[in-house]
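A.B. asks: I would like to see how this sequence folds:
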Amino acid sequence: GTDCFNNCQKLKSIRVYSPNVNNASYPNTFRWCHALEELRVTKVYARDIWLGHSPLLSLASVQDIIAKTQAGMAAFVVTVHPDVYAKMTDTDPDADPLWLELPTLAAEKNITFTTTE
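C.D. replies: Below you'll find the predicted structure:
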């Protein structure tokens, strides 16, 4: 449902069938999940995903979302916390290349990453 993990401030790890809710204009599934580090999914639908309150979201979690998205799906947006987005767009030469490749891998599957700022 749209509010199933809303305000679960101590939630650190979860495995869900899909992180996308039917009503993308009501992105409360993971709202206020500040401690969320690990999100594992079985399937991703071509619907927006909002993870804007989860600054600790791991590289493996974002990689899993991309990996579970079927090629050729309609475009959708994944909104992440500014700290997570910064890792994907870091211009520092010492930045982790695995984070930096995520936007390219996502674009191949019609996923766009954005942030709350």
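A.B. asks: can you give me the strands in the chain?
C.D. replies: Along the chain, the segments classed as strands by DSSP state E run 13-16, 38-41, 49-51, 76-80, 111-115.
A.B. asks: Just put those in CSV and tack on mean pLDDT, distance to T104 and mean neighbour count.
C.D. replies: Yep, even glycine has a C-beta here, placed from its N, CA and C like the rest. What follows is those, written out as CSV (pLDDT from 0 to 100; distance: least, Cβ to Cβ, whole Å; neighbours: other Cβ atoms under 10 Å):
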stretch, mean pLDDT, distance to T104, mean neighbour count
strand 13-16, 88, 25, 14
strand 38-41, 94, 20, 18
strand 49-51, 90, 18, 24
strand 76-80, 93, 14, 21
strand 111-115, 96, 11, 17
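A.B. asks: Save those as JSON lines, and put in distance to D96 too.
C.D. replies: As requested, these are exported to JSON lines (distance: least, Cβ to Cβ, whole Å):
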{"stretch": "strand 13-16", "distance to D96": "21"}
{"stretch": "strand 38-41", "distance to D96": "17"}
{"stretch": "strand 49-51", "distance to D96": "19"}
{"stretch": "strand 76-80", "distance to D96": "15"}
{"stretch": "strand 111-115", "distance to D96": "15"}
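A.B. asks: and T79, what are its bridge partners?
C.D. replies: Residues in a beta bridge with T79, per DSSP bridges, are W50, T114.
A.B. asks: Minimum distance to A67: which of the strands of the chain has it?
C.D. replies: strand 38-41 (9.0 Å; Cβ to Cβ).
A.B. asks: who does that closest one pair up with?
C.D. replies: Here strand 38-41 has these sheet partners by DSSP bridges: strand 13-16 (parallel).
A.B. asks: Excluding sequence neighbours, find me the nearest residue to I49.
C.D. replies: Closest residue to I49 apart from its sequence neighbours, by Cβ to Cβ, 6 or more residues apart in numbering: V78 at 4.6 Å.
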